[in-house]
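Engineer: quick one: sequence plus predicted model below, questions after.
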2 protein chains.
Amino acid sequence: MIKIIVDCFGGDHCPEAPVEGALAALSANPDLYVILTGDEAILGQALEGKTYDTSRLEIVHAPEVIGCDEKPTDVVRLKRNSSMMKAIILLRDRDDIAAMVSTGSTGALVTGALVRLGRIPGVIRPAFCPILPTMDGGIVGICDSGANVEVTSAHLRQFAIMASLYLENVYGVRKPRTALLNVGKEAEKGDDVRRETYALLRQTPSVNFVGNMESRDLLSGSYDVVVADGFSGNVLVKTTEGTALELLKKLKKEIFCRTIYKLGALLMKKMFADMKAFMNYQNYGGSVLLGTSKVVVKGHGSSKAVAVEKCIEQAYRMEVSGLSAKIESEIAQYEHYED
Amino acid sequence: MIKIIVDCFGGDHCPEAPVEGALAALSANPDLYVILTGDEAILGQALEGKTYDTSRLEIVHAPEVIGCDEKPTDVVRLKRNSSMMKAIILLRDRDDIAAMVSTGSTGALVTGALVRLGRIPGVIRPAFCPILPTMDGGIVGICDSGANVEVTSAHLRQFAIMASLYLENVYGVRKPRTALLNVGKEAEKGDDVRRETYALLRQTPSVNFVGNMESRDLLSGSYDVVVADGFSGNVLVKTTEGTALELLKKLKKEIFCRTIYKLGALLMKKMFADMKAFMNYQNYGGSVLLGTSKVVVKGHGSSKAVAVEKCIEQAYRMEVSGLSAKIESEIAQYEHYED
């Protein structure tokens, strides 16, 4: 049995989306067991009338609410009975639990995971690795995308190792083609951190390093893993999502301007629906936090039930793949400098 | 008479695109005078049979060729008779010349402009400011987008001042809403440079500072100027362009998969053409280098004649607007630290 905690408060559609996502994942995976954290009474209501295997679902009462403006460090220190902090502490303390999923505050999740849960031995900094679809039907993982706004080349090398193992073991990508996000393809481009990382990655047999990548090539299908500091990685991911969404919105608006366009769009209805699904980043699961001692998956704040279900399945697959042990043994091959 | 130099070698469509762009700009602006730099014989051939006012066009022979792999510093030092370096030196030495346009190597242009041309008094670092279209029909300027991969808060404040003046004086945007690119909207987000810049910009009356911007909101129309370090600004601009292009490509591919889609697309032909023109970044001119002692406009390497023409017109408008003097007087109000 794989036990996964679902933090049921924090996202935009709480607790409905996490609860329904958890029930869907339960029915799809006979050896899954879920633990819901949050206000017991509200969760009880949300489960009322639903059909599910009660022997594989547990509620842990965590009534405290995290405010929007609360500092991550304050949340970690003061809100131990919030649904998120309770989940992190349970994950740390109970050996039978493998992973957690949350759609709550990114800052609180990263700080909480670092302070309360801890890292895989040897890992300097955990990093996010969201997945985006590429135009040839494949996927690309971006690591880091926001957990570490300042990094060294030693961090970036570890991100490359962890993300390569993730794509290989959880998505079945053989020898992931791994690139370094930079302002140009040439080895000497970028700042000192980038040039050092370029040199380091060329001496890292665990990583199939293919050189620098310019951001305009992210969706081309030529790369499986892109390594970045959390600041520019965040810009990379959010700009891609934002541009795709804005263009889709504009297309829709234009179509409604003229009857002939509406007619044309009617003929292309299925194609537009497919494109929309393709560009809907909720269909690609959450952003996993690589390098924490147990599996943590962060879903988008706007996640609906299906997105939460995908996050749970991602956590499940990560646990089954034995990713953490693989990261530990691979990282141990290289000398790293603790910060 | 406004005199502008056009570097005729370096881009993908040279010398045809610069030559034809220059002739189009000449015919549209009766008080424009252009100086073409490059191999005299090749330029003479490219002009053969063309009709234009010969009293407003001059060729300056610059036969040396810049190789793809040459280091910017080597180009500046050793290739004084290349079309680009000749243009920079002419711009510096001849008082009658106002500006230059180039579609050549970005690195060589930035280094050459810094070393040979110099800065507006008070400006610490010149920075690029490309313009992108927003979804509501407006525009947004991003400064810096690649000239400075490492920056301080003093640099970022100057980028904000220069880009605001540019949008106001060259594009008529009143009190440009200026945001700082960051990983979240809250004041405490990002690294130390971002937090310092946030505080500095709140104390900069020359800038209408509206706070942090997340990259997914770039095209929303809520911002006129986005301030960034050259690394993440580069990621922001190139990801936007790349995502738009890749989506358009995918749309086209999908349409050709089924006859009914082709039929639908036929009805929407004009709309798709409009969308394509809207997303074609060549229609928005070049990336100007703000802060150099005279106007420098960098066109995309893939610029065709119409894009070069737009760059020349941009340079013309910048000169007419008296932007450089305005930047100098505005910058002088604040204490800056030379690097």
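Structural biologist: Thanks, I have it.
Engineer: show me the shaky parts of chain A.
Structural biologist: A:336-339 (pLDDT under 70).
Engineer: how about the longest helix along it: buried residues?
Structural biologist: Counting residues, the longest helix found in chain A (DSSP state H) is helix A:230-255. Buried residues in helix A:230-255, defined by neighbour count with 16 or more other C-beta atoms under 10 Å in any protein chain shown: A:230-248, A:250-251, A:254-255. Every residue, glycine included, has its C-beta placed from N, CA and C.
Engineer: ok, now stretch A:134-142?
Structural biologist: Quick answer for stretch A:134-142 (16+ other C-beta under 10 Å): A:T134, A:M135, A:G138, A:V140, A:G141, A:I142.
Engineer: and what of stretch A:266-283?
Structural biologist: For stretch A:266-283, by 16+ other C-beta under 10 Å, it's A:L267, A:M268, A:M271, A:F272, A:M275, A:F278, A:M279, A:N280, A:Y281, A:Q282.
Engineer: chain center to it, what's the gap?
Structural biologist: Put simply, stretch A:266-283 sits 23 Å off its chain's centre (C-alpha atoms, centre = their mean, to the nearest Å).
Engineer: right, is it up against chain B?
Structural biologist: Yes. Residues of stretch A:266-283 are located near chain B by C-beta under 8 Å from any C-beta of the partner chain, namely A:L266, A:L267, A:M268, A:M271, A:D274, A:M275, A:F278, A:M279.
Engineer: same thing with stretch A:126-143?
Structural biologist: Yes. Residues of stretch A:126-143 are located near chain B by C-beta under 8 Å from any C-beta, namely A:M135.
Engineer: and that stretch, end to end?
Structural biologist: One end of stretch A:126-143 sits 10 Å from the other (C-alpha to C-alpha, to the nearest Å).
Engineer: next: stretch A:191-210.
Structural biologist: End residues of stretch A:191-210 are separated by 19 Å (C-alpha to C-alpha).
Engineer: got the contact list for that stretch?
Structural biologist: A:151-154, A:156-157, A:160-161, A:164-165, A:175-180, A:182, A:187-189, A:211-212, A:223, A:227, A:229, A:330, A:333-334, B:149-150, B:231 (C-beta atoms under 8 Å, 6 or more residues apart in numbering or on different chains).
Engineer: filter these down to the buried ones, PyMOL style.
Structural biologist: Typed into PyMOL, the line below selects the buried ones among the contacts of stretch A:191-210, using 16+ other C-beta under 10 Å:
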select buried, (chain A and resi 151+152+153+154+156+157+160+161+164+165+176+177+178+179+180+182+189+211+212+223+227+229+330+334) or (chain B and resi 149+231)
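Engineer: so which of the contacts of stretch A:191-210 sit within strands?
Structural biologist: A:R177, A:T178, A:A179, A:L180, A:G211, A:N212, A:V227 (DSSP state E).
Engineer: name the nearest residue to the second one, ignoring sequence neighbours.
Structural biologist: By that I understand A:T178. Nearest residue to A:T178 in three dimensions, chain neighbours excluded: A:V225, at 4.2 Å (C-beta to C-beta, 6 or more residues apart in numbering or on different chains).
Engineer: all strands for the stretch 1-150 of chain A, in order.
Structural biologist: Counting by DSSP state E, counting those that start in this stretch, residue ranges of the strands within the stretch 1-150 of chain A are A:2-7, A:32-38, A:57-61, A:97-102, A:127-129, A:131-133, A:139-143.
Engineer: ranking those strands by burial, who's on top?
Structural biologist: strand A:127-129 (a mean of 29; mean count of other C-beta atoms under 10 Å in any protein chain shown).
Engineer: for it, packing partners?
Structural biologist: Applying 3 or more C-beta pairs under 8 Å, 6 or more residues apart in numbering or on different chains; DSSP states H and E, one finds that strand A:127-129 contacts strand A:139-143, helix A:153-171, helix A:230-255, strand A:287-290.
Engineer: who does it pair up with?
Structural biologist: Applying DSSP bridges, strand A:127-129 is found paired with strand A:287-290 (antiparallel).
Engineer: I'd like the next helix or strand past the strand it pairs with.
Structural biologist: Downstream of strand A:287-290, the first helix or strand assigned by DSSP states H and E is strand A:295-298.
Engineer: who does the residue positioned nearest the centre of chain A bridge with?
Structural biologist: Nearest to the mean C-alpha position of chain A, by C-alpha atoms, centre = their mean, lies A:S287 at 0.7 Å. Beta-bridge pairing for A:S287 (DSSP bridges): A:K298.
Engineer: ok, now which ones touch A:V170?
Structural biologist: Here A:V170 is in contact with A:Q314, A:R317, A:M318, A:S321, A:L323 (criterion: C-beta under 8 Å, 6+ apart).
Engineer: try it again with 7 Å
Structural biologist: A:R317, A:M318, A:S321, A:L323 (C-beta atoms under 7 Å, 6 or more residues apart in numbering or on different chains).
Engineer: just the buried members of those residues?
Structural biologist: Among the contacts of A:V170, the ones that count as buried (16+ other C-beta under 10 Å) are A:R317, A:M318, A:S321, A:L323.
Engineer: and the stretch 101-250 of chain A, which residues reach chain B?
Structural biologist: A:135, A:146, A:149-150, A:181, A:183, A:190-191, A:214-220, A:231-232, A:234-236, A:238-244, A:246-247, A:249-250 (C-beta under 7 Å from any C-beta of the partner chain).
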